[in-house]
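Asker: any chance you can model this:
(chains A and B)
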Amino acid sequence: GENVEQHPSTLSVQEGDSAVIKCTYSDSASNYFPWYKQELGKGPQLIIDIRSNVGEKKDQRIAVTLNKTAKHFSLHITETQPEDSAVYFCAASMGPSSGGSYIPTFGRGTSLIVHP
Amino acid sequence: DAEITQSPRHKITETGRQVTLACHQTWNHNNMFWYRQDLGHGLRLIHYSYGVQDTNKGEVSDGYSVSRSNTEDLPLTLESAASSQTSVYFCASSEGGLGDQSTEAFFGQGTRLTVV
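Answerer: Numbers count the residues shown, from 1 in each chain, chains lettered A, B, ... in the order given. Okay, the predicted model is just below:
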């Protein structure tokens, strides 16, 4: 099955700095790569996603890049703010025709701490 | 607004007891799934379902069962609770494949289960 590795496990930055979280996946058939943010005491919530036919996607201060050849994708947060502090998860999935189940396989998460 | 709800939010049970965690979604999603979240392990898939009467085992299914008698509900049952099943449990749902493409997963708020 799919295996997703995520680094770093903890990331501490100053307010206004950029933050980058990196993930690698094992199955080249994976074609959907969502990123989730989990605040304390809550369930994960989608913040951005990218499909395999796209190399980069941006939404205000958040961007995701995908390198299919190297099988890695990254989350970039610019101008970080204290409210960005949370646990971030990357994930990968594929449909049944590729041997998948639509169900995302998650990385182990990155705890992002933004210091005011 | 459509939503996904889990109950109870917190549960303490004794070793050996049967426990059922409820999950209800109002999106009419076909896919529903259960994850457990443990420190250092991220989110691990327990069971998933593509629709009524369909259930499938995930990565960590031993000791757990699910049933899907309607579209809205996917209860998770711990047949005989063990201390190793102390965890935070998340239910999620997704619309299903668009063609062969995965779609966003929506998560509940989680159930914190303690087995003593």
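Asker: residue ranges with poor pLDDT in chain A?
Answerer: A:98-99 (pLDDT under 70).
Asker: how about the strands of the chain, start to end?
Answerer: Picked chain A for this. Assigned by DSSP state E, the strands in chain A fall at A:4-7, A:10-14, A:19-25, A:32-38, A:45-51, A:56-59, A:62-67, A:72-77, A:86-92, A:105-106, A:110-115.
Asker: right idea, wrong chain: chain B
Answerer: Taking DSSP E as the test, the strands found in chain B are B:4-7, B:10-13, B:19-25, B:31-38, B:42-49, B:56-57, B:64-66, B:76-78, B:87-94, B:105-107, B:111-115.
Asker: which one of these lies nearest to A:Ile21?
Answerer: A:Ile21 sits nearest to strand B:42-49 of all the strands of chain B, at 12.9 Å, using CB to CB. The way it works is simple: take the backbone N, C-alpha and C, and place the C-beta from them, glycine included.
Asker: quick one: distance of that closest one to the chain centre.
Answerer: 7 Å (CA atoms, centre = their mean, to the nearest Å).
Asker: and stretch B:50-58, by the same measure?
Answerer: That offset, for stretch B:50-58, works out to 11 Å (CA atoms, centre = their mean).
Asker: that stretch: which residues count as buried?
Answerer: For stretch B:50-58, the neighbour count (16 or more other CB atoms under 10 Å in any protein chain shown) marks B:50, B:55, B:58 as buried.
Asker: least confident of those?
Answerer: Taken together, the buried residues of stretch B:50-58 show their lowest pLDDT at B:Tyr50, with 89.
Asker: look up phi and psi at that one.
Answerer: Backbone torsions for B:Tyr50, taken as degrees, to the nearest 10, come to phi -90, psi -10.
Asker: quick one: it and B:Phe33 touch, right?
Answerer: No: counting by CB atoms under 8 Å, B:Tyr50 sits too far from B:Phe33 to count as a contact (9.8 Å).
Asker: residues near the residue nearest to B:Glu95 when sequence neighbours are not counted, how many?
Answerer: Leaving aside its sequence neighbours, B:Glu95 sits nearest to B:Thr103 (CB to CB, 6 or more residues apart in numbering or on different chains; 4.6 Å). As a burial measure, B:Thr103 scores 18 neighbours (other CB atoms under 10 Å in any protein chain shown).
Asker: how about A:Val13?
Answerer: With other CB under 10 Å as criterion, A:Val13 counts 17.
Asker: from A:Ile21, how far off is it?
Answerer: Counting by CB to CB, to the nearest Å, the gap from A:Val13 to A:Ile21 is 11 Å.
Asker: joint contacts of those two?
Answerer: Shared contacts of A:Val13 and A:Ile21 (CB atoms under 8 Å, 6 or more residues apart in numbering or on different chains): A:Leu112.
Asker: list the beta-bridge partners for the residue nearest to the spatial centre of chain B.
Answerer: Central residue of chain B (CA atoms, centre = their mean): B:Trp34, 2.5 Å from the mean position. Using DSSP bridges, the bridge partners assigned to B:Trp34 are B:His47, B:Cys91.
Asker: that one contacts B:Leu74, doesn't it?
Answerer: Yes: at 7.0 Å, B:Trp34 counts as touching B:Leu74 under the criterion of CB under 8 Å.
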